[in-house]
Each structure stands twice: as C-alpha cells, then as structure tokens.
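**Q** Only the shape, not the letters, is given here:
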Ligand SMILES: NC(=O)c1ccc[n+]([C@@H]2O[C@H](COP(=O)([O-])OP(=O)(O)OC[C@H]3O[C@@H](n4cnc5c(N)ncnc54)[C@H](OP(=O)(O)O)[C@@H]3O)[C@@H](O)[C@H]2O)c1
C-alpha cells in the first residue's frame, strides 16, 4: 500500500480510503450490507494496508458508524493504527435541530458519532454539506472547539461551490480557527465540473482532495448497459446513481473506459480508478466495495500507468462548455 499526507496535515493515509456507505443496514438501502456481511470487508481492507475509513452519521442512520467502530475494536491492532473520518449535516432524527450545522447540532452530533463508534475521538470530522440557515462563523467556531476539546484531530468539508469553500478558509484564517485539511467532493471521469474551480483552489491552498464516487457508483465498471439497470444489486436500487448518471453522454464515457481497458488487457474499473489517481490535485479516492474480490482490482490500479494518449482518449467524450477567459 502507498501512503500519503492528508493535504498539508502530517497524518499519513493509505492511497485508497474505504467508503463505509456500503456497510451498515440493508433496511436503509437495499444494496447496503448488514454487519455480518460487512466485517470481512473491513478485515480485508486492514490486511491490504488500508488505514483510512470514511463514514457519516447518516449512513444507515448511524449503523455504519456502529459497524465500523465494533470492527476496528475487534480487527485492528490498535485505534491509533487507523484514520477514521465521519460527517455531520444530514438529520437522522425528526426534530427541527436534528440536522444542519448549528453549534447546537454539531456539538450533539459529534458526541453521538463518538458513542456509536465507541471512540473518544475521530481523526477527521467533516461537514457533509453547507447549511444555508446557519452563519458560517457559528459552524466554523463549533468545529474549532471540537478540535480543541480533543474530539476530532482534523476537520474537513464536503461538496459545495468553490467560492463558498474559499470563504470558509478565509474566515478560518481571519479568526485563527482550525483550518479544513480536506475537501471530499464528487469527481470521476463522468463528473469533472470540479476541474474548473474547486481542484485548482484546493491545490493552491494545500487542501487534500478525497473524492467520493470515483468509480461513478460502479457506472464505470463496464457492466452497465444502455436501457438496462440490473447488472448488480446496487445498479438495480441505487436511486441517487440513477439521478446522477445514465445520460447518453455518460454511457459514451463508460464505453470509452472499456475500450481503453481492453486495449491494455485490464478491467474498466482499474482504468477508471487509475485515471482519478493520476490527477495531480487528487490525494485519496474514497472507494465503495460490495464484493470482496473487487479489492484486488482497486489495489492493483494503484500501479496501473496510463499514457498521455490513453488519458486523452478517456477524456475525449466529456465535453464541458468553454468558459470565457479560459484557454
Ligand atoms: N460526501 C458525500 O456527499 C458522499 C457521497 C457519496 C459517497 N460518499 C463516500 O464515498 C464512498 C464511495 O462512494 P461510492 O460507493 O458511490 O463509490 P464508487 O467507488 O464510485 O462506487 C462503488 C461501486 O463501484 C463498483 N465497484 C467497485 N470495485 C469494483 C470492481 N473491482 N469491479 C466492478 N465494480 C466495482 C461497485 O458497484 P456494484 O456494487 O454495483 O458492484 C461499488 O458499489 C462512500 O462509501 C462514502 O464514504 C460521500
């Protein structure tokens, strides 16, 4: 396994992070694995040297954190061996203060996450989205206080517009509050909007970029067929995936990935991941794994080289509109 720094922070993380959205409770989403089925994945990840795990309070309505916490206690040699990331924003309960990024909710949510994880701190505490109803300052000071209280080692942010993230970073600097070390955003061969603003901002600011759904939720695996949605249990049931991908242009990208892969004698998923890993702004992709054998493809993609010509072919079907002032 390769290890890198999380942005400018000193902590070292494996070049792949295991996404925990796939593990917790199948009652939450039908493609999610229950605890008994999930544990072998966490065990395998640890065996492969993956030390970085990303969950969220809302995944399986809290069960993902519980499953991860128990597995780390039973399977890892120590708490210190792993880097645990979780998130706050989306409500799990139904009352008016159950979600968002108010000081009240953040303070309650970190304690709830720590209780479910059975840990006294998380390594990376992330805001899952921005809360339009809470002033930036209130959120940022609460996050700073959580770090100072020893409940989180670092803080990170997730999908938002680059101007918003720039404003948050500026406010943290101006007020002397703990700075975000990571941006967890959507990025893969199909969704490349982040290349305009967010990735250059993160590079300029030394922010670690840890993209979610780097394999487009399996859409780039080479098994998704036009007009069908039944290749895997996840494809059948992944409503968010259905909303995000599945345009004709997206199939064009997926087919190009398969062509390049067959030219190299490797699997499409390896090419899709190798392309993300090759982007200079990218620190660690957060991958989802639903069958144990999928790990081998993903780990071998770490050493898969793509030529400039192959990258050009992969990128060709994606056609962003030109922006004035950019050549
Ligand atoms: N911050 C956010 O807003 C946000 C949003 C989404 C996700 N996330 C995080 O990102 C993590 C990853 O998200 P994701 O699961 O959508 O990511 P992904 O890595 O893009 O997709 C995972 C899917 O790819 C397929 N796959 C993986 N390895 C494969 C292989 N070797 N061969 C064939 N197919 C393979 C599997 O699909 P099948 O199951 O169909 O086989 C798997 O479910 C989540 O667990 C979560 O931690 C964060």
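**A** Happy to help now that I have it. Just so it is clear, the model here is predicted, and its values are computed rather than measured.
**Q** near the ligand, which residues of this structure?
**A** Residues of the chain lying close to the ligand (CB under 6 Å from any ligand atom) are 19-22, 54, 128, 158-159, 184, 212-218, 221, 232, 234-235, 269, 286-290, 294, 297-298. For the C-beta atoms, the positions are set from N, CA and C on the backbone; glycine is no exception.
**Q** at 5 Å what do you get?
**A** Of all the residues in the chain, those in contact range of the ligand (CB under 5 Å from any ligand atom) are 19, 21, 54, 158, 184, 212-213, 215, 217-218, 221, 232, 234, 269, 286-288, 290, 294, 297.
**Q** out of the residues you listed, which are buried?
**A** Of all these considered here, the ones buried according to neighbour count by 16 or more other CB atoms under 10 Å are 19, 21, 54, 158, 184, 212-213, 215, 217-218, 221, 232, 234, 269, 286-288, 290, 294, 297.
**Q** Looking at the residues you listed, which are in helices?
**A** The helices in this structure, assigned by DSSP state H, contain 234, 269, 294, 297 from those.
**Q** what's the nearest residue to the second one if we skip its chain neighbours?
**A** Just to be clear, that refers to residue 269. residue 221 (4.8 Å; CB to CB, 6 or more residues apart in numbering).
**Q** what's near enough to touch that neighbour?
**A** By CB atoms under 8 Å, 6 or more residues apart in numbering, residue 221 lies in contact with 215, 231, 267-269, 272.
**Q** coming back round to it: would you list the ones in helices among the buried ones among the residues of the chain next to the ligand in JSON lines and tack on pLDDT?
**A** Converted to JSON lines, those look like this (pLDDT from 0 to 100):
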{"residue": "234", "pLDDT": "95"}
{"residue": "269", "pLDDT": "98"}
{"residue": "294", "pLDDT": "98"}
{"residue": "297", "pLDDT": "98"}
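**Q** Between those, which sits nearest residue 123?
**A** Sorting those by how near they are to residue 123, with CB to CB, puts residue 294 at the top with 24.8 Å.
**Q** For the ligand, what's its nearest residue on the stretch 101-250 of the chain.
**A** Across the stretch 101-250 of the chain, no residue is closer to the ligand than residue 218, which sits at 2.8 Å (CB to the nearest ligand atom).
**Q** separation between that residue and residue 56?
**A** Taking CB to CB, to the nearest Å as the measure, residue 218 falls 19 Å from residue 56.
**Q** what pairs with the residue nearest the centre of the chain across the strands?
**A** Residue closest to the mean C-alpha point of the chain, counted by CA atoms, centre = their mean, is residue 212 at 3.2 Å. The residues paired with residue 212 through beta bridges, assigned by DSSP bridges, are residue 186, residue 286.
**Q** Now the residue in the stretch 151-300 of the chain positioned nearest to the ligand: phi and psi?
**A** Taking CB to the nearest ligand atom, the ligand has its nearest neighbour within the stretch 151-300 of the chain at residue 288, 2.0 Å off. Reported as degrees, to the nearest 10, the phi and psi values for residue 288 are phi -100, psi 140.
**Q** Name all residues that make contact with it.
**A** Contact partners of residue 288, counting by CB under 8 Å, 6+ apart, are 19, 21-22, 213, 215, 217-218.
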